[in-house]
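# build the 3D model from these lines:
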Amino acid sequence: MASATSCLSIYCNPLVRNNPRYDIAIIGCGPVGALAANFLGKEGLNVLIIEREANPYPLPRAAHLDHEMVRLFQSLGLHDTILKDMRDTEGHLHVGADHGVLRYMGTSGKPRPFGWSNDYFFYQRELEAHLRDALDRFDNVTLKLGTELNDIRNLTDHVALDVTSNGSQQTLQARYVIACDGARSVVRKRLGIALDDLNFEEPWLVVDAEVDGPVSFPPIANLPDDCNIQQLSVMMCDPNRPATVVPGRGNHRRWELMLLPGEDDTRMMQPDKVAELLHPWLKDVPHNIVRAATYRFHGLVATQWQQDRIFLAGDAAHQTPPFFGQGMCHGFRDIANLSWKLTMVLRGLASPALLTTYQPERDPHVRAVISAAVSAGRYICMLDKEQAANRDISIREKVKRNELPTTAADLIPPITQGVIAAQTPSAGARFIQPRVSAAGETRLLDDMTQSSWRLIGSKQVLTNSAKTLLSELSKELDIQFYNTAQWQCTALAEWLAKTGTDAVLLRPDHYVFGTCTGDASALLADLAGQLFASDAIKLIDCRLPLFMACSEFDPPRFQQEWLGLMQKRFSATQQLDQGMLVAGHNHYSIAGHIGTGDTRLADEMVAFINDCTRG
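Numbers count the residues shown, from 1 in each chain. Sure thing, here's the model as predicted:
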């Protein structure tokens, strides 16, 4: 690493330095940890997973995922296998104190803009098994079951992990660690990271049952004709006892029943009490109670998601009330966000500064959804009958004025900061996944476009400078251009028309990096500047591209003197390609080739660029 005294720094490939055994260690092999191992294993990284339990937890826990998560399974080639053990349903129904419809967030007969159903229910043990079995594809992934983490330490260039396995203690090393060890995270506690309490805590009894027949509901007024209540997640906002009835996969059903003031947790879990509570719903339908347990539904977010080389993900970083079924979805989004960034850093394609965008991107996202869930929880948990009656009137008025989301998918906000071209339309939004027809076949967008980074739009955006920059980027990134004129897809044309743009650039996690109208050069330059360490020179091995972004300088002078410096510094036998200057949104990017990885040039180059930036 070059001297840090200048405003620019040299970033060298970390893989050429002292190499601990593992690139990534993942603590916890629940669904979030197992998904992380699949994404990172697919990228060829050397991955270690430490799991305390020798066997997966056998009873139901999390039960709901949405279309965005199935899209992640699709990215891993696992969707066909996993969907066989899932049940797609038709949305959410909130029922008021008067047993009339409050909110119907149904999806029956509605378009599926993201390619999959809005709601899927599953059995966690089966999902974990699918994700763990998929790890057998990767020789570069090591799973250590029955292994206890005793201590964890951030060191200069790696993390040390003291573990116990089969009575034997050892210290393992990894460049980075992702803690997916749940709500009671040992890692979070070891690091001394506090939780921000969003002031929601309510006691509920959760009952899982195998039910061989339909569930009985009380008469519900104004139920839409097109809804099948057996296919809905139904929230009874009844002040006598708020309850949620969830349609699990197969014959699995879940009841979430709020505990009333004075009720004892232990007593409420007893079989006779559970039978009493479920009798109105099941009557004489044959059933088997699988589990009954009490929980405190929380709204909590960790104040710090990254401490040096250690990251928190899933319930270790945040806990969400279950009213919209987004708890595990949050954890999967964490992994989708973090995995591509870790991959770039570990491959030496980006500075570790890229990893600092993890919490700024994910924390506001999580808080927005938790806020919506807490707001729903407050009105669902209302026990005062007069207040509940007034609540029903208020919510129905808001529904009439279209002030509330019409589906659970509408709750998910865009990313507002981080690795996005924030000043472009729809930057940070989740991108649609329509079906695309080309060459006689119709496939989902992600199956038609295999690259990690995708520039999708009209061919007119590829000016000569954009083509050159795209070519340079493609030497570092898995990035391609896809011409929509070669496809038949009304949804894509409508999306671009609605945003008033000609092309969209997608990140590996399917979120929009940015959009452009006309020439894509500025958009691609913005991407180069953000990924390849803005205000930095990046030298990685020999014959790889050099990307720079400087905030202020004299472009003509810079280009002339830069090329002069390169010609002077390199011998005739070393290749030097013509430099290219591209105007970015907030900076300029220079792309060119150098024929060496000699970091002894660092001080001279930095001094030169600093002189240029001073004008």
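
# any idea which element residue 210 lies in?
strand 195-211 (DSSP states H and E).

# same for that strand, what does it pack against?
With contacts taken as 3 or more C-beta pairs under 8 Å, 6 or more residues apart in numbering; DSSP states H and E, strand 195-211 sits against strand 252-258, helix 265-268, helix 271-282, strand 287-302, helix 358-380. Every residue, glycine included, has its C-beta placed from N, CA and C.

# off-centre distance for it?
In terms of C-alpha atoms, centre = their mean, to the nearest Å, the centre of strand 195-211 is set 23 Å apart from its chain centre.

# mind listing the strands that strand pairs with, and their directions?
Sheet pairing of strand 195-211 (DSSP bridges) gives strand 252-258 (antiparallel), strand 287-302 (antiparallel).

# can you list the buried residues in that strand?
195, 198, 200, 202, 203, 204, 205, 206, 207, 208, 209, 211 (16 or more other C-beta atoms under 10 Å).

# residues touching residue 377, list them.
Residues near residue 377 by C-beta atoms under 8 Å, 6 or more residues apart in numbering: 200, 202, 297, 299, 321, 323.

# do a quick rundown of the helices in the stretch 401-550 of the chain.
Under the criterion DSSP state H, counting those that start in this stretch, helices of the stretch 401-550 of the chain are mapped to 445-448, 464-474, 490-499, 521-531.

# for the third one, buried residues please.
Going back to what we said before, that points to helix 490-499. Judged by neighbour count using 16+ other C-beta under 10 Å, the buried positions of helix 490-499 are 492, 495, 496, 499.

# for residue 149, find the nearest of the strands paired with strand 195-211.
strand 287-302 (17.6 Å; C-beta to C-beta).

# next, the angle from that closest one to helix 358-380.
Put simply, strand 287-302 runs at 130 degrees to helix 358-380, going by axes from the mean of the first three to the mean of the last three C-alpha atoms, to 10 degrees.

# any idea which helix or strand comes after strand 287-302?
strand 306-307.

# direction included, what does that next one pair against?
strand 310-312 (antiparallel).

# list the contacts of the partner strand.
So strand 310-312 is contacted by 152, 154, 159, 176-179, 185, 187-188, 191, 193, 302, 304-306, 338, 355, 358 (C-beta under 8 Å, 6+ apart).

# which of the residues you listed are buried?
152, 159, 176-179, 185, 187-188, 191, 193, 302, 304-306, 338, 355, 358.

# burial count for the closest residue to residue 455 other than its chain neighbours?
Excluding its sequence neighbours, the residue lying closest to residue 455 (C-beta to C-beta, 6 or more residues apart in numbering) is residue 481, at 4.6 Å. Residues near residue 481, counting by other C-beta atoms under 10 Å, number 21.

# ditto for residue 221
The burial count for residue 221: 10, using other C-beta under 10 Å.

# can you check residue 475 too?
For residue 475, the tally of surrounding residues (other C-beta under 10 Å) stands at 12.

# and if you look at residue 366?
So residue 366, with other C-beta under 10 Å, has 22 neighbours.

# gap between it and residue 312?
According to C-beta to C-beta, to the nearest Å, residue 366 and residue 312 sit 11 Å apart.

# could you point out which element follows the helix or strand bottoming out on mean pLDDT in the chain?
Ranked by mean pLDDT, DSSP states H and E, the weakest helix or strand in the chain is strand 9-12, scoring a mean of 31. Later in the chain than strand 9-12, the nearest helix or strand by DSSP H and E is strand 22-27.

# how about the CA coordinates for that following strand, as CSV?
Extracted as CSV, the C-alpha positions of strand 22-27 are listed here (Å, rounded to 0.1, in the frame of the first residue of the first chain):
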residue,chain,number,x,y,z
TYR,A,22,-10.4,-19.0,3.8
ASP,A,23,-11.6,-15.9,1.9
ILE,A,24,-14.9,-15.8,3.8
ALA,A,25,-16.1,-17.4,7.0
ILE,A,26,-19.9,-17.6,7.6
ILE,A,27,-21.1,-18.0,11.2
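
# give me the contacts around that strand.
33, 36-37, 40, 45-50, 142, 149, 152, 159, 161, 172-181, 186-187, 342, 346.

# residues contacting residue 490?
residue 434.

# cool, residue 416 as well?
Contacts of residue 416 by C-beta under 8 Å, 6+ apart are 364, 422, 428.

# residue 449 reaches residue 481, doesn't it?
No - if you go by C-beta atoms under 8 Å, residue 449 and residue 481 don't touch, sitting 10.0 Å apart.

# overlap in contacts, the two.
With C-beta under 8 Å, 6+ apart, residue 449 and residue 481 have common neighbours residue 456.

# quick one, what contacts residue 228?
Residues counted as contacts of residue 228 (C-beta under 8 Å, 6+ apart) are 90, 108.

# domain parsing of the chain, as residue ranges.
Following automatic domain parsing, the chain resolves into domains at 10-379, 435-530, 532-613.

# adding distance to residue 396 as columns, could you present these in CSV?
Converted to CSV, the domains of the chain look like this (distance: least, C-beta to C-beta, whole Å):
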stretch, distance to residue 396
domain 10-379, 7
domain 435-530, 30
domain 532-613, 45
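
# so which of the ones you listed is nearest residue 391?
Across the domains of the chain, closest to residue 391 is domain 10-379 (C-beta to C-beta), at 5.2 Å.

# on that earlier part again, farthest pair in the buried residues of helix 490-499?
492 and 499 (11.1 Å).

# can you classify residue 246 by secondary structure?
Following DSSP: H, G, I helix; E, B strand; the rest coil, residue 246 is assigned to strand.

# wait, it touches residue 121, no?
Yes - Residue 246 is within contact range of residue 121, at 6.6 Å (criterion: C-beta under 8 Å).

# helix, strand, or coil at the residue nearest to the spatial centre of the chain?
The chain has residue 333 as the residue nearest its centroid, 1.7 Å off, counting by C-alpha atoms, centre = their mean. The three-state assignment at residue 333 reads helix, by three-state DSSP.

# swap in the one 3 residues further on?
Under the three-state scheme (three-state DSSP), residue 336 adopts helix.

# quick one: it and residue 92, what's the gap?
From residue 336 to residue 92 the distance is 24 Å (C-beta to C-beta).

# shouldn't residue 150 be within a helix?
No - with three-state DSSP as the criterion, residue 150 is assigned strand and is not in a helix.

# how much space separates the closest residue to residue 129 other than its chain neighbours from residue 127?
Of all residues not flanking residue 129 in the chain, residue 56 sits nearest, at 6.6 Å (C-beta to C-beta, 6+ apart). Residue 56 sits 10 Å away from residue 127, going by C-beta to C-beta.
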